[in-house]
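Undergrad: can't give you the sequence, but here's the structure:
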């Protein structure tokens with residue numbers, strides 16, 4: 001009985017979680033729900049049991065502090081897809097999130113204890129990011145995908161910055177919005193220009209029906225709903241801004257990974 005139950009559990013885990021990491025079959029309804037739940041719990045507990053006890057404020061310095069580690073994690077993920085690094089659960093999605101978290105927490109703690117914040121965190125993340133990008137640059141086949149991504153990014157940032165000037169909202173959420181529009185640009189370029197497929201199950205359905213550029217209104221609506229939802233659901237300003245940071249990371253990571261993956265696979 002126990003052996004049969006264990007076999008069924010393993011089959012479930014293998015089908016919905018383990019296999020998609022290695023086959024690039026993408027997200028499904030089951031793992032999307034679980035990852036979203038883990039992400040939410042991770043945000044809440046990271047703020048309440050790591051950041052708050054260390055008395056680190058959620059401000060622009062924290063955004064800058066975590067950015068190099070995001071660049072490292074996203075680039076490493078692209079290097080796996082580009083067959084530069086071997087496949088390993090710790091550097092595939094979602095494992096790379098745990099790896100980056102494990103790597104950055106000791107640096108943040110050291111910063112707080114040494115009263116050096118955010119120098120240690122930035123320096124540590126920058127060293128790792130430089131190493132990852134050295135591998136990327138030395139193995140790149142074509143920089144055209146990056147050029148197209150930057151063109152789309154700049155074109156989409158202009159109206160956002162104009163809107164922010166005349167109808168300002170929380171500045172930290174602006175960073176999250178800009179990161180996600182960078183992500184939209186990288187996704188649109190990958191799908192529309194190079195024939196890649198969307199790995200998220202719901203977005204894949206939408207793209208098949210409306211095309212890659214549908215991402216712009218779709219993600220805009222989501223970002224607006226999330227912003228006003230957080231205003232209502234998270235009354236504590238610091239905790240709400242930590243959610244902005246989490247949303248920023250969710251956007252910046254794939255925004256960096258997608259074009260990096262393309263320059264390793266396109267051309268040559």
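TA: Okay, I see it. The structure presented is a predicted model; accordingly, all values stated were derived computationally and were not measured. Numbering: from 1, shown residues only.
Undergrad: now the stretch 101-250 of the chain, which segments are flagged as low pLDDT?
TA: Applying pLDDT under 70 to the stretch 101-250 of the chain flags the ranges 201.
Undergrad: quick one: the helices in it, in order.
TA: Secondary structure of the stretch 101-250 of the chain (DSSP state H, counting those that start in this stretch): helices at 119-139, 144-166, 171-188, 194, 201-210, 215-233, 237-265.
Undergrad: these: which one's closest to residue 9?
TA: Nearest of the helices of the stretch 101-250 of the chain to residue 9, taken as Cβ to Cβ: helix 201-210 at 22.3 Å. No exception for glycine: its C-beta is placed from N, CA and C like everyone else's.
Undergrad: residues in contact with the closest one?
TA: The contact list for helix 201-210, computed with Cβ atoms under 8 Å, 6 or more residues apart in numbering, reads 26, 27, 28, 29, 32, 191, 197, 198, 214, 215, 218.
Undergrad: recalculate using a threshold of 7 Å.
TA: Residues outside helix 201-210 that contact it (Cβ atoms under 7 Å, 6 or more residues apart in numbering): 26, 27, 28, 29, 32, 191, 197, 198, 214, 218.
Undergrad: for it, buried residues please.
TA: Across helix 201-210, burial judged by 16 or more other Cβ atoms under 10 Å covers 203, 207.
Undergrad: same thing with stretch 236-250?
TA: So, applying 16+ other Cβ under 10 Å, buried residues of stretch 236-250: 239, 240, 241, 242, 243, 244, 245, 246, 247, 248, 249, 250.
Undergrad: which of the residues you listed lies closest to residue 224?
TA: Closest to residue 224, out of all of those and judged by Cβ to Cβ, is residue 247, at 12.3 Å.
Undergrad: check which helix or strand covers residue 40.
TA: helix 29-46 (DSSP states H and E).
Undergrad: which other helices and strands contact that helix?
TA: With contacts defined as 3 or more Cβ pairs under 7 Å, 6 or more residues apart in numbering; DSSP states H and E, the packing partners of helix 29-46 are helix 237-265.
Undergrad: if we go to 8 Å?
TA: In terms of contacts (3 or more Cβ pairs under 8 Å, 6 or more residues apart in numbering; DSSP states H and E), helix 29-46 is packed against helix 201-210, helix 237-265.
Undergrad: let's have the ones you listed in CSV, adding distance to residue 55.
TA: Shown next, in CSV, are the helices and strands packed on helix 29-46 (distance: least, Cβ to Cβ, whole Å):
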stretch, distance to residue 55
helix 201-210, 39
helix 237-265, 11
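Undergrad: before we move on, back to that, ok, so of the buried residues of stretch 236-250, who is nearest residue 51?
TA: Taking Cβ to Cβ as the measure, residue 51 lies nearest residue 242 of the buried residues of stretch 236-250, at 6.7 Å.
Undergrad: contact partners for that closest one?
TA: Counting by Cβ under 8 Å, 6+ apart, residue 242 makes contact with 43, 46, 47, 51, 58.
Undergrad: please repeat the previous calculation with a cut-off of 10 Å.
TA: Contacts for residue 242 (Cβ atoms under 10 Å, 6 or more residues apart in numbering) come out as 43-44, 46-48, 51-52, 56, 58, 62, 172, 234, 236.
Undergrad: nearest to residue 73, of those?
TA: Out of those, the member with the shortest distance to residue 73 (by Cβ to Cβ) is residue 46, at 15.5 Å.
Undergrad: picking that back up, now do the buried residues in the next helix or strand after the helix holding residue 40.
TA: Once helix 29-46 ends, the next helix or strand along the chain (criterion: DSSP H and E) is helix 60-81. Residues 62-63, 65-81 are the ones in helix 60-81 that count as buried (16+ other Cβ under 10 Å).
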